[in-house]
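In: Generate coordinates for the sequence data below:
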Amino acid sequence: MEPGDLVYTLAGPHGNTIAHFAWTPKQPGAEIVHSVVPFIAVALAGFALLAALVPGTPCPHCHRPMHPSMALDLDHADDRSGYRGLAHASCNRRAGANKRNAARANTTLAPVKSRKW
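Out: Purely as a prediction, here's the structure:
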């Protein structure tokens with residue numbers, strides 16, 4: 001590698017190194033590439049989790065078995081601080097909708113005042 005090269009190391013769920021990505025930003029769009037790398041890393045981590053999925057692993061929401069042929073989501077922690085692993089897509093999205101609906105139910109709307117015409 002040359003001075004100025006950028007390197008990103010992708011680690012697996014157990015902290016082991018899965019891959020190293022290196023590039024030399026010499027084009028005007030290098031700043032854009034640098035800002036996109038975290039999103040690419042999340043996608044690659046999701047692919048790594050899917051590749052490591054043992055068929056029959058239980059879903060963290062419904063506890064039914066998951067298989068690679070099913071629609072799966074990368075489930076994140078409720079406080080969005082990290083990822084919990086894979087979950088059935090329908091279970092993960094239902095949990096998110098339930099959380100949003102509960103938050104919406106706890107909000108109060110300001111009374112609407114009539115206008116004088």
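
In: Run through who's touching the longest helix seen in the chain.
Out: If you go by DSSP state H, the chain has its longest helix at helix 30-52. Contacts with helix 30-52, where a contact means C-beta atoms under 8 Å, 6 or more residues apart in numbering, come from 6, 8, 10, 12-13, 18-19, 21, 23, 25, 68, 72, 74, 83, 85-86. The C-beta positions use only the backbone N, C-alpha and C, and glycine is treated the same way.

In: Counting neighbours, which of those end up buried?
Out: 72, 74, 85-86 (16 or more other C-beta atoms under 10 Å).

In: where in this protein is pLDDT low?
Out: Scanning the chain for pLDDT under 70 picks out the ranges 1, 25-28, 30, 109-110, 112.

In: can you tell me which residue is nearest the centre of it?
Out: Most central in the chain under C-alpha atoms, centre = their mean is L74, positioned 5.4 Å from the mean C-alpha point.

In: May I have the beta-bridge partners of that residue?
Out: For L74, the beta-bridge partners are L86 (DSSP bridges).

In: hang on, isn't it packed against H88?
Out: No - L74 is beyond contact range of H88, at 11.9 Å (criterion: C-beta atoms under 8 Å).

In: what residues do the two have in common as contacts?
Out: Common neighbours of L74 and H88 are not found (criterion: C-beta under 8 Å, 6+ apart).

In: could you check the distance from L86 over to R100?
Out: According to C-beta to C-beta, to the nearest Å, L86 stands 21 Å off from R100.

In: thinking again about what came up before, for the buried ones among the contacts of helix 30-52, which one is nearest R104?
Out: Comparing the buried ones among the contacts of helix 30-52 against R104 with C-beta to C-beta places L74 closest, at 24.5 Å.
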